[in-house]
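Undergrad: Got a predicted model here, sequence first, then my questions.
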Amino acid sequence: MKFQCTTLFWLLLNATASSFATPSNYQSKSVTTSTSTVSLPFVFRGGSNSGSQLSAAVESPSQSMVSTENLDLLSERGRAAVQSLIDSDVDSSQSHVYGDWPEAGTQDEDKKRLAEQLADLDASYPGGLSTYLSKARTLLKESADGMNPFEEYEAIVPEGESLSFDGEGTMSFSEAEQLGIEAMPGAVFVLVAGGLGERLGYSGIKLSLETNLCTNKCYLEVYVKYIQAMQYLARQKTGRDDIRLPLVIMTSGDTDPLTRQLLKDNNNFGMDDDMVSIVMQDKVAALKDGAAGLALKDGDRWNVQTKPHGHGDVHHLLYREGLVDKWEKEGRSHVVFLQDTNALVINSVVPTLGVSKAKGFHMNSICIPRLAGEAAGAIARLEHKTDPSKSLVINVEYNQLDPLLRSQGDCTGDVADETGYSPFPGNANNIIIEMGAYAKTLRGEDQGVVLEFVNPKYKDETRTDFKKPTRLECMMQDIPKLFQKEMKDTANIGFTTFDRWFTFSPAKNALDAGVEAADKGNIAPGTMSSAESDKYIQNQRKLKFAGVDLDVTEPEDLVKVAGIPVTAGPRIILAPAFGITQEEIVDKVKENNKISKSSSLVLDGHHLTIKNLDLDGALVIRAGNDSHVTVDGLTVKNKGWELVENDPSEEYEETVAIRGYTMAKPEAQEYIINEPGNFVIGADGELKK
């Protein structure tokens with residue numbers, strides 16, 4: 001979930017600005033120089049292989065800024081990029097980039113390096129670098145002026161559903177799940193994974209982090225195994241062996257090599273090569289001031305600083321790579337967008353698909369109950385005061401929601417209702433989009449380039465210079481602006497809310513930051529250890545619902561390990577193959593089962609049934625796809641597994657240090673069955689065929 005500390009300023013691309021999306025669209029632009037005004041035709045291009053190409057029939061203004069000898073040093077694309085930057089720089093805000101170049105023969109390789117980088121920046125941004133800088137100037141001016149983007153809107157609670165795995169909701173959980181099962185064959189998955197784990201205190205990619213220490217499975221493996229389990233269930237339900245569910249991973253320059261290596265080292269975690277695709281987002285130019293001047297790296301005037309553009313890039317990338325067209329031709333029905341380090345979200349995919357199907361939602365945001373005033377975005381319907389066609393359902397950041405609510409109705413602001421929560425659901429940043437509406441929207445003139453915002457940190461009250469360079473950013477959940485533009489009032493956008501324990505526990509904060517938050521009373525500090533603990537707790541609740549005799553950890557039961565409140569147990573992992581639906585879990589857990597608080601349990605297998613288990617220790621059962629295993633009357637008592645805090649005087653690898661503990665595994669009973677056939681594990685503990 002993305003939190004903003006200052007007001008975000010938004011820009012909806014208008015028809016003129018967004019017309020860059022059509023490669024054949026030529027425009028004419030007047031450029032004023034010190035000696036003449038000339039009309040220079042140029043074309044805006046999207047995609048990664050071409051940027052804005054400028055062709056002048058007369059002497060370009062750049063030739064008076066950069067000598068002909070210096071321009072001749074550059075490649076054709078580099079020269080075009082430099083010319084384009086100069087010709088679009090009407091206020092000289094970029095003169096520090098192209099001005100005062102030494103004569104040819106001095107620092108020639110540096111000049112070429114800068115020109116090639118400008119060409120790359122020009123090519124990677126739809127419409128070119130000039131379009132990026134033009135939008136940046138507009139947004140930065142709005143920011144400096146303190147413009148309120150919601151001045152003409154009122155916020156109301158949008159249409160949506162509330163589901164509860166083990167409680168009451170506005171729609172039956174089982175009904176939503178059954179509808180979701182029907183929609184499973186048409187699903188495709190997109191995993192947004194452009195960031196490193198630096199905020200967690202980890203230098204690698206977040207997808208490689210272990211979700212738990214019972215199985216040591218990383219996030220990427222958990223997501224892949226979930227997709228495979230959904231594919232398996234869809235085949236079982238339909239009798240169709242041709243159902244295959246694809247995965248697309250959006251990477252960045254920082255994460256792309258490591259993501260590819262992780263897949264290669266693990267043979268795609270069992271997924272077919274043609275079912276895994278990677279699209280890589282590009283970084284955008286950093287900006288040094290309110291005039292959108294390009295920020296150069298300290299100590300290197302020939303290198304422009306770049307920063308991530310945000311996960312909103314995913315929509316344009318899917319369009320650019322032709323994936324949406326491909327999926328639509330294949331008859332796919334829904335695109336499921338997931339974030340990289342929230343393993344619990346997979347619980348909510350099937351029922352959310354069901355709600356989308358029942359309500360006809362073109363976009364459905366997976367949400368959680370939100371405390372009033374909580375630093376988390378909310379889903380709201382923004383009703384335009386004078387033009388209903390501009391109304392839409394979209395994420396509103398918390399620091400925008402309260403001022404907006406204070407300006408309308410009873411002017412009380414972001415307050416709780418009778419439930420104790422805000423009536424506006426909290427945005428968990430995972431969405432499901434209907435394919436037909438998505439394809440239509442992406443084929444519009446913006447081609448998936450979503451609403452952008454800028455969030456500069458100013459040095460002083462003049463609001464002109466920044467403490468550090470900023471950039472334009474975008475978020476994938478802001479695509480409703482494009483739905484509104486392309487589908488008008490036919491766009492049907494809603495939400496589905498789940499209990500937090502069921503769908504939301506991201507790993508995003510370093511251990512030290514988590515300990516500080518926990519010391520202030522926060523029981524959800526967002527660390528690797530709290531995310532692991534919440535994974536165990538949600539499985540406790542699932543088995544409790546299925547009738548197992550066990551203690552479910554409540555907030556008051558949490559104990560601190562390495563300073564973070566976590567469950568004391570039992571630690572339970574239900575692999576996706578064991579069950580991704582409520583129906584499967586209830587069907588596989590039968591009769592009288594008992595699990596002690598100190599126990600650890602791992603269950604993995606499509607055809608694994610548990611009956612009359614009495615567990616006090618550690619038990620692992622893994623069954624292959626063709627292995628039918630029934631546990632009946634098994635009693636397990638052993639030393640089990642326990643958490644051991646790290647020694648403060650010792651140095652640990654990052655993966656260990658970010659948790660603050662290891663798991664000691666002195667004793668466990670383990671069954672690994674891959675042989676096809678029917679098996680029973682009885683009271684004597686023997687595996688019999």
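TA: Done, it's in. None of these values were measured; they are calculated from a predicted model.
Undergrad: from here on, contacts and neighbour counts on C-alpha atoms
TA: OK.
Undergrad: for the protein, which spans come out with low pLDDT?
TA: 1-64 (pLDDT under 70).
Undergrad: Give me the contacts around the longest strand anywhere in it.
TA: In terms of residue count, the longest strand belonging to the chain (DSSP state E) is strand 426-434. Applying CA atoms under 8 Å, 6 or more residues apart in numbering, the contact partners of strand 426-434 are 1, 333-339, 345, 352-353, 356, 361-370, 376-379, 395, 477, 504.
Undergrad: How far off centre is it?
TA: 9 Å (CA atoms, centre = their mean, to the nearest Å).
Undergrad: and what of stretch 90-97?
TA: Relative to the centre of its chain, stretch 90-97 is centred 36 Å away, using CA atoms, centre = their mean.
Undergrad: Endpoints of that stretch, how far apart?
TA: By CA to CA, to the nearest Å, the extent of stretch 90-97 from end to end equals 14 Å.
Undergrad: which residues touch the residue positioned nearest the centre of the chain?
TA: What sits nearest the mean C-alpha location of the chain, by CA atoms, centre = their mean, is Q339, with 3.1 Å. Contacts for Q339 (CA under 8 Å, 6+ apart) come out as 191-193, 429-430.
Undergrad: Dump the residues you listed into a markdown table; add distance to P257 as well.
TA: Output for these, formatted as a markdown table (distance: CA to CA, whole Å):
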| residue | distance to P257 |
| --- | --- |
| L191 | 16 |
| V192 | 15 |
| A193 | 12 |
| N429 | 25 |
| N430 | 25 |
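Undergrad: And V66, how far from L133?
TA: According to CA to CA, V66 and L133 sit 21 Å apart.
Undergrad: quick one, strands of the stretch 1-150 of the chain?
TA: 9-11, 26-32, 37-43, 53-54 (DSSP state E, counting those that start in this stretch).
Undergrad: that older thread, whichever of the contacts of Q339 end up buried, select them in PyMOL.
TA: Restricted to buried positions by 16 or more other CA atoms under 10 Å, the PyMOL selection for the contacts of Q339 reads:
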select buried, resi 191+192+193+429+430
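Undergrad: out of the contacts of Q339, who's nearest A517?
TA: Of all the contacts of Q339, A517 sits closest to N429, with 22.3 Å by CA to CA.
Undergrad: A strand includes I621, no?
TA: Yes. Counting by DSSP: H, G, I helix; E, B strand; the rest coil, I621 is found in a strand.
Undergrad: tally of neighbours for G253?
TA: Neighbours of G253 under the rule other CA atoms under 10 Å: 14.
Undergrad: Which one's more surrounded, V66 and L133?
TA: Using other CA under 10 Å, the more surrounded residue of V66 and L133 is L133, with 22 against 19.
Undergrad: Make sure the more buried one is actually in contact with A292.
TA: Yes. The pair L133 / A292 is scored as a contact, 6.3 Å apart, by CA atoms under 8 Å.
Undergrad: quick one, what contacts E461?
TA: Taking CA under 8 Å, 6+ apart, one finds nothing in contact with E461.
Undergrad: tell me which element it falls in.
TA: Following DSSP states H and E, one finds E461 outside all helices and strands.
Undergrad: how deep is G569 tucked in, by neighbour count?
TA: 24.
Undergrad: helix or strand for the residue nearest to it when sequence neighbours are not counted, which one?
TA: Counting by CA to CA, 6 or more residues apart in numbering, K597 is the residue found nearest to G569 once chain neighbours are left out, at 4.9 Å. Using DSSP H and E, K597 falls within no helix or strand.
Undergrad: K597 against D551, yeah?
TA: Yes. Judged on CA under 8 Å, K597 makes contact with D551 at a distance of 6.4 Å.
Undergrad: what residues are shared contacts of these two?
TA: What both K597 and D551 touch, as defined by CA under 8 Å, 6+ apart, is the set P570.
Undergrad: quick one, strands of the stretch 301-450 of the chain?
TA: Under DSSP E, counting those that start in this stretch, the stretch 301-450 of the chain gives strands at 306-307, 334-339, 363-368, 378-384, 392-396, 426-434.
Undergrad: most packed of those strands?
TA: strand 363-368 (a mean of 26; mean count of other CA atoms under 10 Å).
Undergrad: Thought N492 was touching G160, still the case?
TA: No. In this structure, G160 is not within contact of N492 by CA under 8 Å, at 10.6 Å.
Undergrad: If you count neighbours, what's buried in the helix ranked longest in the chain?
TA: If you go by DSSP state H, the chain has its longest helix at helix 219-238. Within helix 219-238, the residues scored as buried using 16+ other CA under 10 Å are 219-235.
Undergrad: Please enumerate the helices of the stretch 201-350 of the chain.
TA: 219-238, 256-265, 313-320, 323-329, 349-359 (DSSP state H, counting those that start in this stretch).
Undergrad: hey, C-alpha coordinates of the longest one in CSV?
TA: Listed next in CSV are the C-alpha coordinates belonging to helix 219-238 (Å, rounded to 0.1, in the frame of the first residue of the first chain):
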residue,chain,number,x,y,z
TYR,A,219,7.2,-15.1,-2.2
LEU,A,220,7.6,-15.9,-5.9
GLU,A,221,7.3,-19.6,-5.2
VAL,A,222,4.1,-19.1,-3.1
TYR,A,223,2.5,-17.1,-5.9
VAL,A,224,3.5,-19.6,-8.6
LYS,A,225,2.2,-22.5,-6.5
TYR,A,226,-1.1,-20.7,-6.0
ILE,A,227,-1.5,-20.2,-9.7
GLN,A,228,-0.7,-23.8,-10.3
ALA,A,229,-3.2,-24.9,-7.6
MET,A,230,-5.9,-22.7,-9.2
GLN,A,231,-5.1,-24.2,-12.6
TYR,A,232,-5.3,-27.7,-11.1
LEU,A,233,-8.7,-27.0,-9.5
ALA,A,234,-10.1,-25.4,-12.6
ARG,A,235,-9.2,-28.6,-14.6
GLN,A,236,-10.8,-30.7,-11.9
LYS,A,237,-14.0,-28.7,-11.9
THR,A,238,-14.3,-28.4,-15.7
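Undergrad: and L405, how many neighbours?
TA: L405, neighbours per other CA under 10 Å, totals 18.
Undergrad: can you pull the contacts of it?
TA: L405 neighbours (CA under 8 Å, 6+ apart): 154-155, 411-414.
Undergrad: ok, those residues vs P403, which is closest?
TA: For those, the nearest to P403 is G413 (6.6 Å; CA to CA).
Undergrad: Can you give me every residue that contacts the closest one?
TA: Contacts of G413 by CA under 8 Å, 6+ apart are 401-407.
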